[in-house]
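Undergrad: Need a 3D model of the sequence below.
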Amino acid sequence: MATQTAPVQLSVVPDAKQVVLDAKQITNILEAPKKLAEAIKTLKDNRASAETELAQSFSKDLAAAPFKFEQAFARYTTWKANDKSFADKIETAEKLRPIFEELIRELKATQAEALKAVIQDELAKLESEAAVEQGKAELIKDQIEALEKLLRELKQAPSAAAARSKKK
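TA: Numbers count the residues shown, from 1 in each chain. Model prediction:
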């Protein structure tokens, strides 16, 4: 008995026209690409750090004692397994990007008004956060200026003290 496969249209959102997402769900979808990018960067950074740590550990070991193959082999094998795990995670994360992009395209097509509302809310939050950060930056700038002024005064003070001692 032969079996036949039927072509199936895959959709990220099942029955996208029938599913209505709430604001939090839409926000989660919009944030997913950013969080994915952050995860990929962290994985790449951790992978590079692990390789650097391996090289440094070999260097320390060789500085302290003669080369021992079994120890080096065990350490390298462990690193290689971890490196493969990092590589697999990075590859998988990269494959998720188009899925998230498709999900956002489907939202644009099926729930444009809800998407607009969520985007406007998110923009308002980000603008508010930016204003707070700008205020913090201004305070830090003021602190820097005050410390620089104090430092200039201190640099000038020894010459003034020296001038006073010459008068005596």
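Undergrad: from here on, contacts and neighbour counts on C-alpha atoms
TA: Noted.
Undergrad: Now do the strands in this structure.
TA: In the chain, no strands are defined using DSSP state E.
Undergrad: in it, which helix or strand is least confident?
TA: The weakest-scoring helix or strand in the chain, judged by mean pLDDT, DSSP states H and E, is helix 112-167 (a mean of 88).
Undergrad: list the helices and strands that helix packs on?
TA: Applying 3 or more Cα pairs under 8 Å, 6 or more residues apart in numbering; DSSP states H and E, one finds that helix 112-167 contacts helix 23-64.
Undergrad: what angle sits between the helix it packs on and helix 112-167?
TA: For helix 23-64 against helix 112-167, the angle by axes from the mean of the first three to the mean of the last three Cα atoms, to 10 degrees is 50 degrees.
Undergrad: Identify the residues contacting residue 96.
TA: By Cα atoms under 8 Å, 6 or more residues apart in numbering, no residues touch residue 96.
Undergrad: Keeping just the C-alphas, turn stretch 62-81 into CSV.
TA: Provided in CSV are the C-alpha atoms of stretch 62-81 (Å, rounded to 0.1, in the frame of the first residue of the first chain):
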residue,chain,number,x,y,z
LEU,A,62,52.9,24.6,30.0
ALA,A,63,54.4,27.4,32.1
ALA,A,64,53.9,25.3,35.3
ALA,A,65,54.7,21.7,34.1
PRO,A,66,55.8,19.7,31.1
PHE,A,67,53.2,18.8,28.4
LYS,A,68,50.8,16.0,29.3
PHE,A,69,48.9,14.7,26.4
GLU,A,70,46.1,13.0,28.3
GLN,A,71,45.2,16.2,30.2
ALA,A,72,45.5,18.3,27.0
PHE,A,73,43.3,15.8,25.1
ALA,A,74,40.6,15.8,27.8
ARG,A,75,40.6,19.5,28.0
TYR,A,76,40.4,19.9,24.2
THR,A,77,37.7,17.3,23.8
THR,A,78,35.6,19.0,26.4
TRP,A,79,36.1,22.4,24.7
LYS,A,80,35.3,20.9,21.3
ALA,A,81,32.0,19.5,22.6
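Undergrad: Might you calculate how far it sits from the centre of the chain?
TA: With Cα atoms, centre = their mean, to the nearest Å as the basis, stretch 62-81 stands 32 Å off its chain's centre.
Undergrad: On the pLDDT front, check the most centrally placed residue in the chain for me.
TA: Centroid check for the chain by Cα atoms, centre = their mean gives residue 38 as the closest residue, at 3.1 Å. Model confidence at residue 38, given as pLDDT, is 97.
Undergrad: same deal with residue 16?
TA: 50.
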